[in-house]
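J.: whatever this is, show me its structure:
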Amino acid sequence: MKIEQKQAIVNEFKEKFSDAKVVIVTDYKGLDVATLNSLRRQLREKDIEYRVVKNTLLKRAAEGNDLALISDAFKGPSAVACSFDDPVAPAKILTEFAKDNEALEIKAGMMDGKVLDAITIRALANLPSREQLLGQLLSVINGVPTALVRVLNGVPQQFLNLLTALKDKRVTETDSSA
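T.: Below you'll find the model as predicted:
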């Protein structure tokens, strides 16, 4: 590979690392091509980029940004998953894939300037997705006004029930005294 090509890859990854919400480094040693392509397909469906890159190029791309904190993970065969939207999706996909394919090892990750180890990435994978969280928030927001309307509607309803009971009582008193 020519120096210009290497520099282009380094610059490309510097930009991706700065734009990504989460970056997860994996070791893919032991996976065959078909299995690796299956993983790439799953990640691509969620708009997650997964690339195999030389460790020296990854280390150079990590210089000067937060990923320098996990540059020690760039050893052995390394592939990098970058997500620019949902930080939970790559953790979920990689964790599920690693359960079925023990050859895939999650080494480390970086999210919002914080180092993520494999245990933290597995914990991140257990969180609901962004869409699920937004749905839960919407149901909570929708539930508060609905409950308020029920409470406010309950006061006149109880008052009406009281008036109806008083009327019925007077009607029975009038009927019994006549």
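
J.: ok, residue 69 - contacts?
T.: Taking C-beta atoms under 8 Å, 6 or more residues apart in numbering, we find residue 69 in contact with 110, 115. Just so you know, the C-beta spots here come from the backbone N, C-alpha and C atoms, and that holds for glycine as well.

J.: check the one 4 residues further on too.
T.: In this structure, residue 73 makes contact with 25, 107-108, judged by C-beta under 8 Å, 6+ apart.

J.: check what pLDDT it gets.
T.: We note a pLDDT of 86 for residue 73 in this prediction.

J.: before we move on, what about the one 5 residues further on?
T.: pLDDT recorded at residue 78 is 88.

J.: residue 149 too?
T.: 77.

J.: swap in residue 2?
T.: As predicted, residue 2 sits at a pLDDT of 86.

J.: next, give phi and psi for it.
T.: phi -80, psi 160 (degrees, to the nearest 10).

J.: look up how far residue 52 lies from it.
T.: Counting by C-beta to C-beta, to the nearest Å, the separation of residue 2 from residue 52 is 19 Å.

J.: out of the two, which sits in the more crowded spot?
T.: Comparing residue 2 with residue 52 by other C-beta atoms under 10 Å, the one with more neighbours is residue 52, at 12 against 7.

J.: shouldn't the more buried one be in contact with residue 76?
T.: No: using C-beta atoms under 8 Å, residue 52 makes no contact with residue 76, being 11.6 Å away.
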